[in-house]
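Engineer: sequence first, predicted coordinates after that:
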Amino acid sequence: MGEFISFLGSNLQTFWEYTGYANATLGNWIMILVGLVFIYLAVTKEFEPMLLVPIGFGILVGNVPFNLDAGLKVGVYESNSVFNILYGGVTNGWYPPLIFLGIGAMTDFSALISQPRLVLIGAAAQFGIFGAYMLALLLGFDPQQAGAIGIIGGADGPTAIFLSSKLAPNLMGAIAVAAYSYMALVPVIQPPIMRLLTTKKERVIRMKPPRAVSKNEKVIFPIVGLLLTAFLVPSGLPLLGMLFFGNLLKESGVTRRLAETARNQLIDVVTILLGFTVGCSTQASEFITVNSLLIFGLGALSFVIATASGVLFVKFFNLFLKEGNKINPLIGNAGVSAVPDAARISQNVGLEYDPSNYLLMQAMGPNVAGVIGSAVAAGVLLGFLI
């Protein structure tokens, strides 16, 4: 009987040593709390739920601790585990181009085609990327790490993942989570900056409605857009090529099934896998570091710079425009790549000061330009840092 009790006790002790409770650290519990906050914001506040729910739950899964000596091969960083294989789409840069294919298939570039000058706002907002890049260098990050951190300012999660997978794989988890976090917090971060940098008179500027765009223009745009941008920054071809290809599927009118698949089933599947595996990659041992905290701080600053740059550029541009042709600077925030949330914020803030001044269509111009701009900026950084 004594031997049986000893045997049972030994087995229970071994079992306990392999449980998550025995292997949990304070860091694991902190990250689990972060995951719960993400899920809470997604469910109760509806902050980017399509992203924050997969990422938040992935954080929970990624921080269930286990004994590495058991050889279970369940962790995202364990070679040939299920999660490691799925995470390969992130580390090898497969998922972001597929996301861009879906974005292209669901994006209407009419607002930009009808008012090409709005592309300048999307370009101006990219100052946040290069501003954060320089600040990261000053804080001691190497040039490749600084470039990967700076791209957070573009408010484009897939681009941030694509670039960090090439330039700074060891920082990719922190960069991806920071990028998606600030994308979700666009409604919180941008309005105070927009109000601070504009006057009451500027906020009620009425813009001319965009002209109607023909089908031929819509079909030609992705072809011309690809040739202009990809020849300028060939290193951005995986993102730019898939973005414009998706848009051609949409606008050609003869590939409706392909366009529907790209903007629905395909992008949904890839978003699930990307968000979940990025969340899984935030294991406390890999994620809770001084560099992660610096990345979150620089990411927030780059986002502020990008928003401010877009608004201030419109104010400067208006100095050279005649009355009746000026641009409402409230659409300057939409130069970041958070489509269509940033454009909706332009609309909502504008309606606060003039309930009959609808800015959504005009704001969509710089917003879709921001998508192109962030991909071009990533190509520029990749071109001289790789």
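Structural biologist: That came through, no problem. Predicted model, so just to flag it, every value in this text is computed and none were measured.

Engineer: neighbours of the residue nearest to Leu312 when sequence neighbours are not counted, how many?
Structural biologist: Among residues not flanking Leu312 along the chain, Leu197 sits closest, at 6.3 Å (Cβ to Cβ, 6 or more residues apart in numbering). C-beta here means a position set from N, CA and C on the backbone, and glycine is covered the same way. Neighbour count for Leu197, taken as other Cβ atoms under 10 Å: 19.

Engineer: for Leu197, what are phi and psi?
Structural biologist: phi -100, psi 0 (degrees, to the nearest 10).

Engineer: so how far is whichever strand or helix holds Gln145 off the chain centroid?
Structural biologist: Under the criterion of DSSP states H and E, Gln145 resides in helix 143-150. The chain centroid and the centroid of helix 143-150 are separated by 15 Å, computed with Cα atoms, centre = their mean, to the nearest Å.

Engineer: which element follows it toward the C-terminus?
Structural biologist: helix 157-167.

Engineer: run through who's touching that following helix.
Structural biologist: Helix 157-167 is contacted by residues 51, 90-93, 95-97, 99-100, 103, 144-145, 147-148, 151-152, 154, 171-172, 175-176, 178-180, 183, 238-239, 274, 278, 337, 374-375, 378, 381-382, 385-386 when judged by Cβ atoms under 8 Å, 6 or more residues apart in numbering.

Engineer: how about the helices of the stretch 251-386 of the chain, start to end?
Structural biologist: Counting by DSSP state H, counting those that start in this stretch, the stretch 251-386 of the chain has these helices, from start to end: 256-261, 267-280, 284-287, 290-318, 341-353, 360-385.

Engineer: helices and strands of the protein: which one bottoms out on pLDDT?
Structural biologist: helix 2-18 (a mean of 71; mean pLDDT, DSSP states H and E).

Engineer: measure the closest residue to Ser346 other than its chain neighbours to Gly122 for me?
Structural biologist: Distances taken as Cβ to Cβ, 6+ apart place Ala363 nearest to Ser346, at 3.7 Å, with adjacent residues excluded. From Ala363 across to Gly122, the span is 11 Å (Cβ to Cβ, to the nearest Å).

Engineer: what touches both of these two?
Structural biologist: In contact with both Ala363 and Gly122: no residue, using Cβ under 8 Å, 6+ apart.

Engineer: ranges for the helices of the stretch 1-150 of the chain?
Structural biologist: Using DSSP H, counting those that start in this stretch, helices in the stretch 1-150 of the chain cover 2-18, 20-23, 26-44, 49-62, 82-91, 95-106, 110-114, 119-124, 127-138, 143-150.

Engineer: now the shortest one: average pLDDT?
Structural biologist: With pLDDT averaged residue by residue, helix 20-23 scores 76.

Engineer: got it, and stretch 207-216?
Structural biologist: 90.

Engineer: also stretch 103-121?
Structural biologist: 92.

Engineer: buried ones in that stretch?
Structural biologist: 103-107, 109-115, 118-121 (16 or more other Cβ atoms under 10 Å).

Engineer: and for stretch 227-247?
Structural biologist: 229-230, 233, 235-247.

Engineer: show me which pair in those is furthest apart.
Structural biologist: Ser235 and Asn247 (20.4 Å; Cβ to Cβ).

Engineer: what comes up buried for stretch 79-87?
Structural biologist: Those would be 83-84, 86-87, for stretch 79-87 by 16+ other Cβ under 10 Å.

Engineer: name the surrounding residues that touch that stretch.
Structural biologist: 61, 73-78, 273, 276-277, 280-281.

Engineer: in PyMOL, how would I select just the buried ones from these?
Structural biologist: Provided next is the PyMOL selection string for whichever of the contacts of stretch 79-87 are buried by 16+ other Cβ under 10 Å:
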select buried, resi 61+75+76+273+276+277+280+281
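
Engineer: so which two of the contacts of stretch 79-87 are the farthest from each other?
Structural biologist: Taking Cβ to Cβ, no two of the contacts of stretch 79-87 sit farther apart than Lys73 and Leu273, at 18.9 Å.

Engineer: would you agree Glu251 is in contact with Lys218?
Structural biologist: Yes - using Cβ atoms under 8 Å, Glu251 is in contact with Lys218, at 4.2 Å.

Engineer: ok, these two, which is more surrounded?
Structural biologist: Between Glu251 and Lys218, counting by other Cβ under 10 Å, Glu251 is the more crowded of the two (23 against 19).

Engineer: where does that one land on pLDDT?
Structural biologist: 97.

Engineer: the residue nearest to Ser337 when sequence neighbours are not counted: how many residues sit nearby?
Structural biologist: Spatial nearest neighbour of Ser337, chain neighbours left out: Asp156 (3.7 Å); criterion: Cβ to Cβ, 6+ apart. Neighbours of Asp156 under the rule other Cβ under 10 Å: 32.

Engineer: next one: the one 3 residues further on
Structural biologist: The number of residues packed around Thr159, counting by other Cβ under 10 Å, is 27.
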